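In: Quick check, what structure comes out for this input:
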Amino acid sequence: MTMKPSNNIWIRHQQCPCGDWKCYIKYEGEDQTSISSQLVKSETVPSSSLSEAVFTPYVGQIFKSDDDAFEYYSGFARKNGFSIRKARSTESQNLGIYRRDFVCYRSGFNQPRKKANVEHHRERKSVRCGCDAKLYLTKEIVDGVTQWYVSQFSNVHNHELLEDDQVRLLPAYRKIQEADQERILLLSKAGFPVNRIVKVLELEKGVQPGQLPFIEKDVRNFVRTCKKTVQENDALLTEKRENDMQELVEACKAMVEKDADFVYDYTVDENGKFENIAWSYGDSIRAYTVFGDVVTFDTTYRSITYGLLLGVWFGIDNHGNAIFFGCVLLQDESSNSFAWALQAFVRFMRGRHPQTILTDIESGLRDAITRELSDSKHVICIWHVLSKISSWFSFPLGSQYAGFKAEFDILCHLESIEDFERQWDIMVARFGLVSDKHIDLLFSYRASWSLVYIRNYSLARTLTAEFSQSLDSFFKRILNAQTCLQVFFEQVGMAVNLGKLNREGMQYMHIKTCMPIEEHARSILTPYAFNVLQNEIVLSLQYATTELVNGSYLVRHYKKMDAERLVIWMPEDEQIHCSCKEFEHSGILCRHSLRVLAVKNYFQLPPKYFLLRWQIESSLVFVNDQNTQRSSDECAQAFHSVAATLLTESLISKERFDYVHRELIGILEHVKNMPVIEEYATNVADNNVSEPIG
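Out: Residues are numbered from 1 along each chain as shown. Below you'll find the model as predicted:
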């Protein structure tokens, strides 16, 4: 039995981590259209969208297609209090369909139906009243290009036109958008009745009752239709999933021939049907040997077509970019499924466990990590925690939510465990959340997500907004609508290769302080890591140090912009420790430690404070010219010399200054318009430096 290929649709995995399906999750900060609808299906918006001014159609008006004309006329109709429908079309053997008739929704008259042999036949009053409002289109070919023009148009109605709050209720405009469809299905699966689903959607969208773009009847019909479709297609979808999983395994086998280090694994149930599958590439395994200290395991997406949970392992490279380590598709989110996924990942990575693994709030995953990665630090990403705060507490707290959110944000940045737990109890009591199950869940997991507890965990800057955007960029490349899992597998491979091509290579790094420590760091660190350290070096100049009796230092901002820090210096083995724990957290020294090292007359940082993961030599990008940095320095020095001489000469007179200023503006505009050459012309720069300046 054949089945028409359907799109494989991915949505955000939305089951509440407390395990209760009746908890509904809305991701804070997302647009109402949702990420899933953006990634999966992007409906074509006509040039004449409803947000633009729609003028009255006229005879002779030309459209590129009949669909464009229908959208235009529909927009005009809505703004004028009626809706339209497609009437007859006329076609010929040569031109195909060459005429389209669009009419008012009340055009014509209903033909009387034959009554069934029942006592209480339901007679519905027809809305059709013979309205003559219409727009007729005719197709023509001009210079080989097909176009449609308005051959007849009438805007005369024999019925009352509706106001805006009424016209939106016409069937033509009561559309349930894809994001709302997914939400309705999720809530229906959780056991919500239709009237409650409507109330939830009104609350989430912040609209008054009855102001949704659809009515309760539409929701009921949609749910009924979906349930019927699922029942009819359940066997076909099961067969399609099994066939696609088989094709995916075959694609993995074929990949081994292209990439000898490619690895994959899968499981089957007692009936021999595929359950889970995981894979990784040779380049990913090699990258893991350098950047596998911190791993992010993202499980936020699920295929609603196959019911498979998607998990992707990422690391962060020495340029701050997300780097792909592996991928897994799981049949469910049970602890055993997650345990198998982690076992497979460790096998792929030659038995090496990460120092730290970051995940979403997921009880099954938490249990699996405790069993399989007992020597790894488990961190729940703060972004995932914050994304759930709104949906958990905005409704029960109502007008108090803003105050709760402000206090919660303060809690997230406290630096003392005692302060955190004391302020937590105060917050819970103040907002009456003592018996709230989500507050209990957050508090029980506090050692995994609160910064005060995880400050000394190695996270390598994976909690930055830039890294989060890098992850989103990867998912946007792979979570398109596909017809099968094999196509998804190919998209993952293309995204991985694109990520390798886009990794940042060598670039010129400017010096800001001329401190010897800065000069030395620039020669060792990648541009990304150097920029982070450089910022700390610049800020360290704003701090004062006070030496204590035991040889440690108290470091504070000259304006007391932040808290005092205790820095302990051990000269015998050149160790330095700061109470802010920044080096332990990101692998890059903090401003407080740098200030103490400057006081100690250090012109270079001790080698132990240049972690291999941030060094240029650990880059996965091959550098063709090792003299690029040195040549850039020489070129910059020559440029500064010319600029300094030019400034001195131009200040002698106003005439000279006006001339130089005018010419420099012209040169700048010319340079901006010059084509960009990817390869750096080192030889040209060297020749320019060697020539004497006359």
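
In: alpha carbons only for contacts and neighbour counts from here, please
Out: OK.

In: and residue 218, what helix or strand is that in?
Out: Assessed by DSSP states H and E, residue 218 sits inside helix 216-258.

In: Against which helices or strands is the helix or strand that that helix is followed by packed?
Out: Counting by DSSP H and E, the next helix or strand C-terminal to helix 216-258 is strand 263-268. When contacts are defined as 3 or more CA pairs under 8 Å, 6 or more residues apart in numbering; DSSP states H and E, strand 263-268 packs onto strand 274-280, helix 335-348.

In: tell me the mean pLDDT over the first one?
Out: Confidence over strand 274-280, taken as the mean pLDDT, stands at 94.

In: partner strands of that strand, parallel or antiparallel?
Out: Strand pairing for strand 274-280, determined by DSSP bridges: strand 263-268 (antiparallel), strand 322-330 (antiparallel).

In: Compute the inter-axis angle for that strand and helix 335-348.
Out: 30 degrees (axes from the mean of the first three to the mean of the last three CA atoms, to 10 degrees).

In: can you list the weak-confidence ranges in the stretch 201-350 of the chain?
Out: Applying pLDDT under 70 to the stretch 201-350 of the chain picks out residues 228-237.

In: same thing but at 80, please
Out: Low-confidence segments of the stretch 201-350 of the chain (pLDDT under 80): 203-207, 210-211, 226-240, 304-305, 307.

In: ok, now the stretch 51-200 of the chain?
Out: In the stretch 51-200 of the chain, residues with pLDDT under 80: 51-54, 93-95, 110-126, 164-165, 168-169, 178-179, 182-183, 185-192.

In: count of neighbours near residue 213?
Out: 14 (other CA atoms under 10 Å).

In: That one is in what secondary structure piece?
Out: Using DSSP H and E, no helix or strand contains residue 213.

In: For residue 104, see how far away it is.
Out: 21 Å (CA to CA, to the nearest Å).

In: for residue 245, same thing?
Out: With distances taken as CA to CA, residue 245 is found 49 Å from residue 104.

In: before we move on, the earlier item: could the helices and strands packed on strand 263-268 be laid out in a markdown table, adding distance to residue 157?
Out: Formatted as a markdown table, the helices and strands packed on strand 263-268 follow (distance: least, CA to CA, whole Å):
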| stretch | distance to residue 157 |
| --- | --- |
| strand 274-280 | 60 |
| helix 335-348 | 63 |
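
In: For these, could you give me CSV that also reports distance to residue 449 and mean neighbour count?
Out: Formatted as CSV, those follow (distance: least, CA to CA, whole Å; neighbours: other CA atoms under 10 Å):
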stretch, distance to residue 449, mean neighbour count
strand 274-280, 27, 21
helix 335-348, 20, 20
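
In: Looking at those, which is nearest to residue 461?
Out: helix 335-348 (22.3 Å; CA to CA).

In: Centre of the chain to that closest one, how far?
Out: Centroid displacement of helix 335-348 relative to its chain, using CA atoms, centre = their mean, to the nearest Å, is 25 Å.

In: what's the answer for stretch 403-411, then?
Out: On CA atoms, centre = their mean, the centre of stretch 403-411 falls 25 Å from the chain's centre.

In: pLDDT of it, averaged?
Out: Rounded mean pLDDT across stretch 403-411 is 92.

In: and what of stretch 438-446?
Out: On average, stretch 438-446 scores 93.

In: Only alpha carbons, please: show it as PDB.
Out: The C-alpha coordinates for stretch 438-446 follow below in PDB (Å, rounded to 0.1, in the frame of the first residue of the first chain):
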ATOM      1  CA  HIS A 438       7.200  24.000  40.000                       C
ATOM      2  CA  ILE A 439       8.900  26.000  42.800                       C
ATOM      3  CA  ASP A 440       9.600  22.700  44.500                       C
ATOM      4  CA  LEU A 441      11.100  21.300  41.200                       C
ATOM      5  CA  LEU A 442      13.400  24.300  40.700                       C
ATOM      6  CA  PHE A 443      14.600  24.300  44.300                       C
ATOM      7  CA  SER A 444      15.300  20.500  44.200                       C
ATOM      8  CA  TYR A 445      17.400  21.100  41.000                       C
ATOM      9  CA  ARG A 446      19.000  24.300  42.300                       C
END
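
In: which parts of that stretch are buried?
Out: Residues of stretch 438-446 classed as buried by neighbour count (16 or more other CA atoms under 10 Å): 438-439, 442, 445-446.
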